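[1] Model the structure of this input:
(chains A and B)
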Number of protein chains: 2
Amino acid sequence: MGEEFFTVLPVTEARKKLDDYLPVELRSSERRPLLECLGRRLARPVLSQENVPGFARSTVDGFAVRARDTFGATEGAPAYLRIIGEVRMGEVPECRVGAGEAVRVATGAMLPEGADAAVMIEHTEPLGNGEIEVIRPVGPGENVILPDEDISSGEEIFPTNHLLRPQDLGFLAAVGELELEVWAPLVVGIISTGDEVVPPEAKPRPGQVRDINSYTLAGKVLECGGKPVLYGLVKDDPEMLHQVLRQALEETDIVVVSGGSSVGTRDLTTDVISGLGKPGLVFHGLAIRPGKPTMGAVVGKKPVFGLPGHPAAALISFDLLVAPLLKFGSYRGIKPAALPVPALLSRSLASAPGREDFIRVKLRSKDGKLWADPLLGKSGLLSPMVRGDGIFRIPLEKEGVAAGSEVDVYLFGTDYVL
Amino acid sequence: MGEEFFTVLPVTEARKKLDDYLPVELRSSERRPLLECLGRRLARPVLSQENVPGFARSTVDGFAVRARDTFGATEGAPAYLRIIGEVRMGEVPECRVGAGEAVRVATGAMLPEGADAAVMIEHTEPLGNGEIEVIRPVGPGENVILPDEDISSGEEIFPTNHLLRPQDLGFLAAVGELELEVWAPLVVGIISTGDEVVPPEAKPRPGQVRDINSYTLAGKVLECGGKPVLYGLVKDDPEMLHQVLRQALEETDIVVVSGGSSVGTRDLTTDVISGLGKPGLVFHGLAIRPGKPTMGAVVGKKPVFGLPGHPAAALISFDLLVAPLLKFGSYRGIKPAALPVPALLSRSLASAPGREDFIRVKLRSKDGKLWADPLLGKSGLLSPMVRGDGIFRIPLEKEGVAAGSEVDVYLFGTDYVL
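    Here you go, the predicted model:
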């Protein structure tokens, strides 16, 4: 079966077909200590067990007061308050603020009973006799954080699948969540094929190229929170490929075979993948460019993908089919992640209706505008793959994009979802 | 020494002062296998030892030809060529293309001698007698990649400090670079202080808060490629703080103390840091908001930082002072990294000239424009810290930014440098 006989499917249909055979959630969860959860995703929402800050705090250095005692205060007609004590950081106040009274507080200190606001030290004058003048009024709650103002007990802090960043770890420490239920990394078996491909440690003879996909795909698996297992390079030998695929299916959660670029290798890969077991091949060919010769199968409950041989194309197929499983456990679970960035396309590009095109771009700032320069070059070149900052999509129904149009660029390194 | 006596320094001056005492490069390098280098930075430029692809390749399925034999070919007046053989993927061609001859090639196959272009199969018609009609001309080099067209031997592939992404690993595999000289992670000692702060495993009493900074800062260190070592929480006790700081100085490359938010804790931290050794305190107070109560010292050749107690402020001081050392080895080495993203500010913000303001924003897409909503809220709140997508700067000399102005947002999760 050559390339010309592909029945290409739009990506959304291919995903839907796969979802019919795959479990709703491919991942299992595990409890991990907070500090090991950076870059991991939550397996369930985290609800706060506590109010934060848990007590009323001053947000300024100054005096805890009853707001009504300061109403109408001005420089000409200040309010006079008597200092009856001080609250140190971390202390429970011993005093209670009554009418005409003030208590010295530092930023972050607990507000004493009776007080409902804080006056900044800059808006007071000490009189030397244990009294202060207040020269500006404060309203109730002003310069104060209420006990549940940051977060209330029972409130959701982060939803399922939230990707944990440094600031998130700190916030979770603040509410005492020191162990989290996160998704365990899915294990992805990676196999390269192609008679012209040699292992990277070999010196290629003329006509041969080194195995690139094992490395780009392993890197992507890691970047998406999975765990890659490399099965190396299998020459165009159906028995051997079948054997390695069976082993990978037993040892991993998802298997990815990247093909050599020849039609022969692709046909062989299709045949071997089709023969692995039920339900078998789900689709063969995607309505995308690059990445058309992509195939998807399910064996038992495990997905098996055949990706194109060209590294840049294989990465796009990976983004569309493998990354969502690693990040969301199924295609049903796909949620918008990192926002794409609008940029102006620097030259017109043609596309074919009925096909999604994915274009790598280099971003450039000029006159306060962000420009996207498409990295085109000849299709066999590798260097455009490493020169890009991100990627954008020309949708199925569009025939192209005119120079100067705004396109949505997904930035490499961010948690984008194509 | 209270906050009012700070002599605040602009960030660039603080960095310059630190550079005077610090080595030009804080990091040491190490050789690591390619697959362990994802997210690491190169310690020296990688020059290609080879031409890539190393041989002339066809970029299409079709026929290798002499371009001049196709000149002027049209559907009405095709060029007639004789098929004299085929080149399979990975093979060295045995035939040579002479005048009026063509050799069947697949995408990626090596071009036989004599050929200087390839004709797409779609632009040919088989005649059944071992000949083809060519119905469109090709120019010399058309549909062909030359031996050094992707990369030439001796050419720089990536510069020093390049942050390695999945696609970069593949490209390095392609040129046979399977071990790389990368920077070893700098080890950062993290100490929290403050009498009101309790360890996260404790249940805070009223007036107390959990240690957040140990976690946010450890996460940032990891994100910037460093290795965090947590020394836990030190109460406001100068002897104890001195002891822990001395231990951290011996065991790590950079020491970071985040202060409680009280003036007393800050003063104590300043005194202890000042007493650690020569050259000592380099600056105390930065012309930034938030983050003003930041101090920097050098002890021997090691930097010691006192960061503000508030987690959001501590993160900004970290971005400005610690992150550049982790990513570039010194402030001298700072290079532009991930481009900021232009977005429209949704409301006006005031600033003070002579001070840099850093504002966290939530990004929102509306009518094809990217809007940045500043996350302001009361200064003591933690939740704005986790709701942001990125951060932008109001420069020293500006008095504010008007609603609708374009601001440059550095996206969290990208390799930005403030």
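
[2] tell me the domain boundaries of chain A?
    Domain assignment for chain A by automatic domain parsing gives A:3-28+A:184-328, A:30-52+A:149-183, A:57-145, A:341-411.

[3] Same list, the ones you listed, but as JSON lines with mean pLDDT, distance to B:Tyr331 and mean neighbour count please.
    Every C-beta, even on glycine, is put in place using the N, C-alpha and C of the backbone. Converted to JSON lines, the domains of chain A look like this (pLDDT from 0 to 100; distance: least, CB to CB, whole Å; neighbours: other CB atoms under 10 Å in any protein chain shown):
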{"stretch": "domain A:3-28+A:184-328", "mean pLDDT": "93", "distance to B:Tyr331": "29", "mean neighbour count": "20"}
{"stretch": "domain A:30-52+A:149-183", "mean pLDDT": "96", "distance to B:Tyr331": "22", "mean neighbour count": "19"}
{"stretch": "domain A:57-145", "mean pLDDT": "95", "distance to B:Tyr331": "30", "mean neighbour count": "19"}
{"stretch": "domain A:341-411", "mean pLDDT": "92", "distance to B:Tyr331": "23", "mean neighbour count": "18"}
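
[4] quick one, which of those is nearest to B:Asn213?
    Between B:Asn213 and the domains of chain A, the shortest gap by CB to CB is with domain A:30-52+A:149-183, which sits at 6.8 Å.

[5] Can you classify A:Ala248 as helix, strand or coil?
    In three-state terms, and counting by DSSP: H, G, I helix; E, B strand; the rest coil, A:Ala248 is helix.

[6] give me every residue that touches the spatially closest residue to A:Ser405 that is not a sequence neighbour.
    What sits nearest to A:Ser405 in space, not counting adjacent residues and going by CB to CB, 6 or more residues apart in numbering or on different chains, is A:Leu345, at 5.3 Å. Counting by CB atoms under 8 Å, 6 or more residues apart in numbering or on different chains, A:Leu345 touches A:Val361, A:Trp371, A:Ala372, A:Pro374, A:Val401, A:Ala402, A:Ala403, A:Gly404, A:Ser405, A:Glu406, A:Val407.

[7] Distance of the first one relative to chain B?
    Taking CB to the nearest CB, to the nearest Å as the criterion, A:Val361 is separated from chain B by 12 Å.

[8] Find the helix or strand that that residue is a member of.
    strand A:356-366 (DSSP states H and E).

[9] What strands line up against that strand, and which way round?
    strand A:288-289 (parallel), strand A:369-374 (antiparallel), strand A:390-394 (antiparallel) (DSSP bridges).

[10] Any chance of the ones you listed in a markdown table with distance to A:Arg41 as columns?
    Conversion of the strands paired with strand A:356-366 to a markdown table gives the following (distance: least, CB to CB, whole Å):
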| stretch | distance to A:Arg41 |
| --- | --- |
| strand A:288-289 | 26 |
| strand A:369-374 | 29 |
| strand A:390-394 | 22 |
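
[11] Can you show me the CA trace of the strand holding A:Val361 as PDB?
    Provided in PDB are the C-alpha atoms of strand A:356-366 (Å, rounded to 0.1, in the frame of the first residue of the first chain):
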ATOM      1  CA  GLU A 356      -4.100  21.300   8.400                       C
ATOM      2  CA  ASP A 357      -0.600  22.700   7.900                       C
ATOM      3  CA  PHE A 358       1.900  23.200  10.700                       C
ATOM      4  CA  ILE A 359       4.500  25.800  10.100                       C
ATOM      5  CA  ARG A 360       7.600  26.400  12.300                       C
ATOM      6  CA  VAL A 361       8.500  30.000  12.800                       C
ATOM      7  CA  LYS A 362      11.200  32.100  14.100                       C
ATOM      8  CA  LEU A 363       9.900  35.100  16.100                       C
ATOM      9  CA  ARG A 364      11.300  38.500  15.700                       C
ATOM     10  CA  SER A 365      10.400  41.800  17.500                       C
ATOM     11  CA  LYS A 366      10.200  44.900  15.300                       C
END
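
[12] Find out how far that strand is from the centre of the chain, if you would.
    Centroid displacement of strand A:356-366 relative to its chain, using CA atoms, centre = their mean, to the nearest Å, is 20 Å.

[13] A:Met120 contacts A:Ala64, doesn't it?
    No: using CB atoms under 8 Å, A:Met120 is not in contact with A:Ala64, being 11.7 Å away.

[14] before we move on, the earlier item: who's in contact with the strand holding A:Val361?
    Here strand A:356-366 has contacts from A:10-11, A:287-291, A:312, A:316, A:341, A:343, A:345-346, A:349, A:351, A:370-376, A:384-385, A:387-396, A:407, A:409, A:418, B:339, B:342, using CB under 8 Å, 6+ apart.

[15] any idea what sits nearest A:Ile212, other than its immediate chain neighbours?
    Among residues not flanking A:Ile212 along the chain, B:Gly170 sits closest, at 4.1 Å (CB to CB, 6+ apart).

[16] what residues are up against the one you found?
    A:Ile212, A:Asn213, A:Tyr215, A:Thr216, A:Gly219, A:Pro311, A:Leu382, A:Met385.

[17] Now do the same contact list for the last one.
    The neighbours of A:Met385, taking CB under 8 Å, 6+ apart as the test, are A:Pro311, A:Ala312, A:Leu315, A:Arg360, B:Gln167, B:Gly170, B:Phe171.

[18] Pick the one among those residues closest to B:Cys95.
    Using CB to CB, A:Pro311 comes nearest to B:Cys95 of the contacts of A:Met385, at 29.3 Å.

[19] Give me the nearest residue to the closest one, chain neighbours excluded.
    A:Pro311's closest residue in space is A:Ile212 (CB to CB, 6+ apart), at 4.6 Å.

[20] Quickly note the distance from the most far-flung residue of chain A relative to its centre to A:Arg82.
    Note on chain A: the largest C-alpha distance from the chain mean falls to A:Asn129, namely 58.6 Å (CA atoms, centre = their mean). Applying CB to CB, to the nearest Å, the value for A:Asn129 to A:Arg82 is 9 Å.

[21] A:Leu325 too?
    67 Å.

[22] A:Arg332 now?
    65 Å.

[23] per-residue pLDDT, the closest residue to A:Pro336 other than its chain neighbours?
    Excluding its sequence neighbours, the residue lying closest to A:Pro336 (CB to CB, 6+ apart) is A:Val417, at 6.9 Å. On pLDDT, A:Val417 comes in at 93.

[24] so A:Val417 sits in a helix?
    No: A:Val417: not assigned to a helix; according to three-state DSSP it is coil.

[25] Show the contacting residues for it.
    Going by CB under 8 Å, 6+ apart, A:Val417 touches A:Ala323, A:Pro324, A:Lys327, A:Ile334, A:Lys335, A:Pro336, A:Ala337, A:Ala338.

[26] just checking, which of the residues you listed belong to helices?
    A:Ala323, A:Pro324, A:Lys327 (DSSP state H).
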